[in-house]
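A.B. asks: Give me a model of this one.
(one chain, ligands or ions: 1)
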Amino acid sequence: MSAKFTQLVENAQHLLAHLPWPAEYEKDTFLRPDFTSLDVLGFGGSGIPAGINIPNYDDIRQAEGFKNVSLGNVLTSGYKDSKITFLLEEDKALYTKYKLSSFEVQVGLHELLGHGSGKLFMEDSDGKLNFDVDSTTNPVTKGKVTSWYKPGETWDSKFSSVASTYEECRAECVGIYLCLLSDVLKIFGHTDDTADDIIYINWLNMVRAGLLALEFYSQESGKWKQAHMNARFVILRVLLEAGQGLVSVKKIEGEDGKPDLVIVLDRAKIISVGKPAIGNFLRKLQVYKSTADVEAARQMYSYYSDVNDQDEPKFLHLRSIVMDRKQPRKLLVQQHTYIENGKVQLKTYEATPTGLIQSFIDRFPSSDIQDMVCSLMDKERPYF
Ligand SMILES: [Zn+2]
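C.D. replies: Below is the predicted model:
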């Protein structure tokens, strides 16, 4: 994987030029990220990410650059044996075949060119601007740039509660937008027919994720509980809004007689309808970000994040079906290493809830954790 990522970074300058914003909105020079692919032997935490991109502080990324660590074997182990919901029968085989390779393209673009792209317009403490206010136009208003980050303001301080999901959405959009370039697909070894299939499955995976995202929306509080899933729902809504039969969510009767859903993507319309729709949306995401226009950003983002039954398709109703069909959460049982007679030994556990709990107890051998786990088990509550 890392050789492909190296090539992606080496071609960054020319690939970034394809993004749907004027050159002034791109960093003066792309700061080559430092990145590594690691295979995880054990990960001490309640969840394992597929990749880590640091730092999160965008003002530091602007000048210092960033670092990406891909946890290579997490993807392959996490995707085994999962039941594929909400797809047409004819899509399932292709989805299974290309899910991993299309996700590899999306992750590379998301992490390296997604989070790595775009410039913030800033004023330093001497009143100097890092862009030319006379010659730079705002492609959304077509007027001049009238706002930017004042001394002491950062992306996080300005965008606060929406910063994380908004930025994830921008990176996801960069992924599905740039995966349409044959130069990108070639880097990942996909040409001709495979390239088309990779594009289709990447987009299909995105719209399906947008539907599955409803699991992470709390109807009680009216809030999203996970930044990436909010972002994918927003993308689904943008693509539904594009109309012309690009995406549709159909209600059907499942094999069990209960209501079910299928998400249908017309692959012939990805370039003609999907690309301009995502391009326009992504341009706004970037322009509002560059110009510190948090009001416009919030207004747009909350519009697409809204889960209601007034608009078609009735999202709250769809959510009830998604919740009924919810699959058990995936768990990764962690192995451990220990030293015996001066040699490193590997201890593995069976792939069951018992194995998972035993692994946790061995990893965190304090009595607090044992008490906690045991009291949960005593209650005979299926916590894990
Ligand atoms: Zn991200």
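A.B. asks: Identify the spatial nearest neighbour of residue 23, chain neighbours not counted.
C.D. replies: residue 17 (7.4 Å; CB to CB, 6 or more residues apart in numbering). No exception for glycine: its C-beta is placed from N, CA and C like everyone else's.
A.B. asks: Same check on residue 214?
C.D. replies: Residue 214 sits nearest to residue 319 (CB to CB, 6+ apart), 4.0 Å away.
A.B. asks: Measure how far the helix or strand hosting that neighbour is from the centre of its chain, please.
C.D. replies: Following DSSP states H and E, the helix or strand that holds residue 319 is helix 315-324. Distance of helix 315-324 from its chain centroid, counting by CA atoms, centre = their mean, to the nearest Å, is 22 Å.
A.B. asks: Can you list the buried residues in it?
C.D. replies: 315, 318, 319, 321, 322 (16 or more other CB atoms under 10 Å).
A.B. asks: Does anything pack onto it? Which helices or strands?
C.D. replies: Under the contact criterion of 3 or more CB pairs under 8 Å, 6 or more residues apart in numbering; DSSP states H and E, helix 315-324 touches helix 192-212, strand 259-265.
A.B. asks: Please repeat the previous calculation with a cut-off of 10 Å.
C.D. replies: Counting contacts by 3 or more CB pairs under 10 Å, 6 or more residues apart in numbering; DSSP states H and E, helix 315-324 is packed against helix 192-212, strand 217-218, helix 227-241, strand 247-253, strand 259-265.
A.B. asks: Break down this structure into its strands, ranges please.
C.D. replies: In the chain, the segments counted as strands under DSSP state E are 34-38, 51-54, 67-71, 217-218, 223-224, 247-253, 259-265, 336-340, 343-347.
A.B. asks: Return the list of strands paired to the third one, each annotated with direction.
C.D. replies: In the sheet, strand 67-71 lines up against strand 34-38 (parallel), strand 51-54 (antiparallel) (DSSP bridges).
A.B. asks: ranges for the helices of this protein?
C.D. replies: With DSSP state H as the criterion, the chain has helices at 2-10, 12-16, 58-64, 72-78, 89-108, 155-178, 182-187, 192-212, 227-241, 275-290, 294-305, 315-324, 353-363, 367-378.
A.B. asks: Same list (those) but as TSV, adding mean pLDDT.
C.D. replies: Formatted as TSV, the helices of the chain follow (pLDDT from 0 to 100):
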stretch	mean pLDDT
helix 2-10	86
helix 12-16	92
helix 58-64	78
helix 72-78	77
helix 89-108	92
helix 155-178	96
helix 182-187	96
helix 192-212	96
helix 227-241	97
helix 275-290	98
helix 294-305	98
helix 315-324	96
helix 353-363	90
helix 367-378	60
